[in-house]
Each structure stands twice: as structure tokens, then as C-alpha cells.
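Asker: Using only what follows, build the 3D model:
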Amino acid sequence: MTKLIGTMPDVAVDAPADGPVIAHPKPLLRRVYLKTFGCQMNVYDSERMSEMLSAEGYANTADPADADLVILNTCHIREKAVEKVYSDLGRLRDLKIERQAQGRETIIAVAGCVAQAEGAEIARRAPAVDVVIGPQSYHRLPELADKARQQGRAQIETSFPEDEKFNQLPVRTLGPASDGQAARRPASAFLTVQEGCDKFCTFCVVPYTRGAEYSRPVEKLVDEAHRLVDEGVREITLLGQNVNAYHGEGPDGSHWTLARLMHALADIPALERLRYMTSHPRDIGDDLIAAHRDCSKLMPFLHLPFQAGSDRILAAMNRKHTARDYLALIERIRAVRPDLALSTDVIVGFPGETEAEFDATLAVIRQIGFAQAYSFKYSPRPGTPAATIGEQIPDVVKTERLARLQALLDEQQTAFNAASIGQTIPVLFERIGRGDGQLVGRTPHLQLVHAEATPLLLGRIISVEIRGSGQTSLRGVIKAA
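Answerer: Residues are numbered from 1 along each chain as shown. Below you'll find the model as predicted:
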């Protein structure tokens with residue numbers, strides 16, 4: 001995903017009738033191209049980087065060839081994502097050489113989890129890179145980009161600074177409202193409430209790239225949510241690597257849980273929907289389960305990874321729960337919210353996984369039934385304990401298992417969507433669709449809905465009768481506006 005904001009002119013120019021052209025002393029705007037890989041947390045980080053750079057005089061551009069600063073905000077979860085970054089860096093190197101030949105400067109920055117994990121290796125492998133900066137330090141990006149320009153050598157910052165980055169970032173803003181009807185302020189937004197993870201699953205790099213768990217103070221989050229809502233946001237998704245471990249300091253000096261924070265945010269009158277992700281089964285407490293019953297603004301949708309159905313594999317992953325624990329937890333949540341839709345993450349081909357253990361994963365999926373899911377072949381990540389296990393599964397076996405797993409998940413998602421046909425569902429319209437006169441929105445269960453409607457309905461929750469469905473989306477007709 002690429003974060004785009006329109007460009008602006010470099011200078012204001014007057015041409016008097018009796019004199020030479022006069023350029024006003026308006027500062028020359030630098031342009032930045034920002035490309036985001038990976039999770040919703042990276043999307044949020046890219047938005048904050050864009051806001052920060054805008055305050056420093058940068059205008060965003062959709063074209064890297066027009067950029068003075070190019071940023072790749074990276075993901076390190078899987079090997080393919082990392083190699084995609086290096087592939088992009090090869091193309092950017094060529095672009096940088098072309099711009100240099102034209103007398104134009106380009107600073108290339110690698111941010112995010114690949115930067116944190118690989119550090120100086122990036123500068124060695126891709127010498128065209130000028131800045132390498134981890135996800136806990138991106139508030140220093142403008143400073144390091146200037147240093148790279150001045151010193152002509154790579155700047156690397158992958159420490160975990162004592163001064164928390166959120167204290168250094170500018171006040172959150174969505175920018176000026178658009179004049180046109182086709183482009184509106186977003187109706188939904190992400191809000192990072194927690195970062196890092198202390199679980200140390202043996203396959204996961206997050207504790208090494210994002211650090212220990214940190215929860216932002218309640219007052220700062222409520223203030224940021226108020227600003228988002230004041231600018232037109234109607235749905236907020238609370239983000240964290242382990243979001244339900246949230247324990248931020250409240251205004252009363254105590255540590256608040258995610259459920260207590262959720263109730264405080266629900267008191268914002270114009271905020272109509274709340275979501276949260278990603279959760280760990282070990283950290284869903286009684287009050288969060290009760291929030292799914294008692295908080296009307298909390299949508300009936302939960303993303304809760306279980307990763308594998310075999311207890312032996314779960315132990316090898318250091319997940320700290322069993323398949324039975326997971327099933328019992330889902331039963332408890334569904335008891336208070338029967339219409340809950342579930343999403344999950346599943347890994348196939350973890351080292352040592354037998355065919356019977358893979359079948360146990362399929363059995364859990366059949367028993368629960370998922371509305372959505374993300375499935376992956378196990379990918380050894382350098383520095384994680386699982387990468388050193390000797391019983392690595394051949395890729396051909398992982399590919400075959402993934403195909404079987406995905407077929408079952410696709411079948412469940414298709415059936416879940418088909419069950420919506422004939423229902424009238426409240427849809428929050430978020431953007432204009434590809435078809436003429438079409439808007440795209442989401443149901444409380446996070447399903448995409450396409451419907452013919454005027455752009456005036458963007459940012460509003462409208463009743464839609466569902467007339468058709470596919471594996472990934474629904475088609476509907478406006479019933480009331």
C-alpha cells in the first residue's frame with residue numbers, strides 16, 4: 001500500500017508587466033514517496049511518518065521518480081516480504097543514479113521491521129540506501145535524512161530509545177478536507193494503543209523488531225481518538241502486536257485494561273464503531289469478553305490467531321495455550337455474543353509437523369468456522385528459535401498442505417458471506433468503488449460491500465439489503481439513507 005497525498009508547487013511566481021519574473025521567498029518543498037509493506041501497524045506508522053514529514057516541509061508524491069526522499073516501510077514476518085524489499089531497492093538504486101545524472105538528489109530510507117532486524121546489513125547489501133531506521137525510532141527520520149545529505153554516508157538507527165517515540169511525533173491530524181466529493185476524509189482509522197510483545201513465540205521476530213510490550217497512556221489515546229472523530233472518522237481500530245495485553249496508565253494512576261479503554265472510547269458521541277487487533281488467546285480476560293456483550297460500539301468481529309491445532313506443535317511454538325484452551329475460549333465469547341464472526345492466523349509446515357498434526361489443525365478449523373483467515377507456510381526467520389530446529393519441512397509438503405488448508409478456509413468464508421444474502425445490514429461506506437456510481441463499505445463483520453450510491457453517503461452508516469455474495473465481498477442495494 002502506498003500512502004498518497006497530492007503534491008504542491010515549489011514556488012509562488014509573479015510576472016510584472018515592466019520587470020523580470022519575481023519568485024516569492026516561499027521555501028522549496030521536498031517531495032517524499034512512501035511505500036508500506038505488511039501489517040496494519042505499519043500502515044499506522046506510515047501515516048504518522050507522513051504527518052511528521054509534512055510538518056517538516058515535505059509534500060507526498062505518487063511517483064518515486066519525483067521524490068527527494070523515498071521510504072520503504074518494511075515487514076520482516078516472512079522471507080518473501082524481505083526479498084521484495086531488496087528487489088525494490090535494486091530499482092530505486094537505478095532511479096537514484098538517473099536522478100544524480102540530472103543533478104537531482106534522492107535519499108533512500110528503509111524503515112520498519114526489516115530495518116530493525118538487519119540494520120547495517122541493509123547498507124552493505126544495498127549501498128544506495130542512505131537511512132536505515134527501526135520502528136521505534138522513526139520520529140528521527142527527518143534528522144537522519146538531513147545528516148545523510150550533509151555527510152554523504154548511511155545513517156543507521158536501530159536502537160530502542162528511552163524517550164518513547166509517541167512523545168516526539170506531531171499531534172495527529174488527517175490533513176485539510178478535500179473540496180471534491182470523490183475524495184473525502186477517511187471514515188475509519190487505525191489507532192496504535194500498544195506495541196511490542198513479550199510472548200516470544202519461537203517462529204516470530206516481533207519481540208526482536210518491536211521490542212518489549214509498551215502501552216500508551218489512556219489520556220493520550222482518548223485525545224487522539226477525539227481528534228480523529230472531530231475530523232470525520234466514525235470507526236476506529238485499536239492496534240497492537242498483542243493488543244489485548246494493553247495496560248496503559250489511566251487518569252486515576254492505575255493501569256487500565258483494553259476493555260476499560262474501550263468503554264472510555266465508546267463514550268465519544270460521534271464515534272460509532274470500535275474494533276481491535278491483533279490478540280493473543282492468553283490475554284483475553286473476563287472484562288474483555290464482557291465488553292463484547294456490553295459495549296454496543298464494539299463490532300461483533302474478533303481476529304484471534306491459533307496458529308496450529310496440535311498441542312505438541314503449539315508447545316514447540318511457545319504459544320502457551322492448547323487447542324482445547326482455544327476452543328473453550330471461543331465458546332465463552334460466543335456465549336455472550338452469538339453473532340460473533342471470527343478471523344485467525346494459521347501456520348502450516350512448522351518444523352516437525354506430521355500429517356496427523358496438520359489434520360488436527362484442519363479439525364479445529366472445521367469445529368469453529370471462520371469468516372476470514374490468513375494462512376501461511378512456515379518461513380524460518382533468522383534469529384528465532386524455530387529457525388534452528390532440524391526437522392524443517394520440505395517446501396513441496398508445505399505448499400500441498402497450504403493448498404488444502406486454504407481450500408477449507410475459502411469454503412468457510414464463501415459460506416459465511418452467502419448467509420448474508422437477503423439480510424439488511426448497516427454498512428459504513430469508506431471509499432468510491434471501481435465501477436461507475438459505486439461505493440464500497442464494510443459490515444459490522446468486516447465484510448466488504450459494493451453498492452450503487454452517491455458519494456454523499458461516504459462516511460455514513462447506511463442500511464443495505466444484500467443481494468449477492470462472493471468469497472471476499474457482498475453486493476447490495478441501498479434501503480435507506
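
Asker: so where's the protein shaky on pLDDT?
Answerer: 1-28, 161-165, 167-184, 480-481 (pLDDT under 70).

Asker: residue boundaries of the helices in it?
Answerer: 40-55, 79-101, 113-118, 120-125, 141-151, 206-209, 218-230, 258-266, 286-294, 311-316, 323-336, 355-368, 395-418 (DSSP state H).

Asker: And the first one, what's buried?
Answerer: If you call a residue buried by 16 or more other C-beta atoms under 10 Å, then helix 40-55 has these buried ones: 40-54. Using the backbone N, CA and C atoms, a C-beta is placed for each residue, glycine as well.

Asker: For the nearest residue in space to Gly468 that is not next to it in sequence, give me its contacts.
Answerer: Of all residues not flanking Gly468 in the chain, Arg475 sits nearest, at 4.0 Å (C-beta to C-beta, 6 or more residues apart in numbering). Counting by C-beta atoms under 8 Å, 6 or more residues apart in numbering, Arg475 touches Val449, His450, Ala451, Ile466, Arg467, Gly468, Ser469.

Asker: Buried subset of these as a ChimeraX selection?
Answerer: With 16+ other C-beta under 10 Å as the criterion, this ChimeraX line picks the buried residues out of the contacts of Arg475:
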select :449,450,451,466,469
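
Asker: if you look at the contacts of Arg475, which of them are in strands?
Answerer: Residues of the contacts of Arg475 located in strands (DSSP state E): Val449, His450, Ala451, Ile466, Arg467, Gly468, Ser469.

Asker: which one of those sits closest to Asp94?
Answerer: His450 (38.9 Å; C-beta to C-beta).

Asker: shouldn't the closest one be in contact with Ile478?
Answerer: No. Assessed by C-beta atoms under 8 Å, His450 is found out of contact with Ile478, at 11.5 Å.

Asker: So which of the helices of the chain is nearest Ser159?
Answerer: Comparing the helices of the chain under C-beta to C-beta, the one sitting nearest is helix 113-118, at 9.6 Å.

Asker: buried stuff in the closest one?
Answerer: Cys113, Val114, Ala115, Gln116, Ala117, Glu118.

Asker: ditto for stretch 138-157
Answerer: Under 16+ other C-beta under 10 Å, the buried positions of stretch 138-157 are 138-142, 144-145, 147-148, 154-157.

Asker: neighbouring contacts of that stretch?
Answerer: 45, 48-49, 52-53, 56, 69, 71, 105, 107, 109, 111, 119-120, 123, 127, 129-134, 137, 165, 168-169.

Asker: Only whichever of the residues you listed are buried, select them in PyMOL.
Answerer: To isolate the buried members of these in PyMOL, using 16+ other C-beta under 10 Å:
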select buried, resi 45+48+49+52+53+69+71+107+109+111+119+123+129+130+131+132+133+134+137+165
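
Asker: In strands, which of the contacts of stretch 138-157 appear?
Answerer: Those of these lying in strands (DSSP E): Leu69, Ile71, Ile107, Ala109, Ala111, Val131, Val132, Ile133.

Asker: how about Ile368, what does it touch?
Answerer: Leu327, Ile330, Leu342.

Asker: I'd like to know which of those residues are buried.
Answerer: Applying 16+ other C-beta under 10 Å to the contacts of Ile368 flags Ile330, Leu342 as buried.

Asker: tell me which of the contacts of Ile368 is nearest to Gly435?
Answerer: The closest of the contacts of Ile368, once distances to Gly435 are taken by C-beta to C-beta, is Leu342, at 30.3 Å.

Asker: Count the neighbours of the residue nearest to the closest one when sequence neighbours are not counted for me.
Answerer: Leaving aside its chain neighbours, Leu342 sits nearest to Phe370 (5.2 Å; criterion: C-beta to C-beta, 6+ apart). Using other C-beta atoms under 10 Å, Phe370 has 20 neighbouring residues.

Asker: ok, Phe370 touching Leu409?
Answerer: Yes. Counting by C-beta under 8 Å, Phe370 does reach Leu409; the two are 6.4 Å apart.

Asker: what sits against Ala109?
Answerer: Leu69, Val70, Ile71, Leu72, Val129, Asp130, Val131, Val132, Ile133, Leu141, Leu144, Ala145.

Asker: And for stretch 322-333, what's in contact with it?
Answerer: For stretch 322-333, using C-beta under 8 Å, 6+ apart, the contacting residues are 281, 284, 289, 292, 302, 304, 306, 308-311, 314, 340, 342, 360, 364, 367-368.

Asker: hmm, 7 Å instead?
Answerer: Stretch 322-333 is touched from outside by 281, 284, 289, 292, 302, 306, 309, 311, 314, 340, 342, 360, 364, 367-368, with contacts defined as C-beta atoms under 7 Å, 6 or more residues apart in numbering.

Asker: Now that stretch: buried residues?
Answerer: Ala323, Asp325, Tyr326, Leu329, Ile330, Ile333.

Asker: would a markdown table of these with distance to Gly390 be doable?
Answerer: Formatted as a markdown table, those follow (distance: C-beta to C-beta, whole Å):
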| residue | distance to Gly390 |
| --- | --- |
| Ala323 | 25 |
| Asp325 | 28 |
| Tyr326 | 28 |
| Leu329 | 33 |
| Ile330 | 34 |
| Ile333 | 38 |
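
Asker: for the residues you listed, which one is nearest Gly349?
Answerer: Closest to Gly349, out of all of these and judged by C-beta to C-beta, is Ala323, at 17.7 Å.
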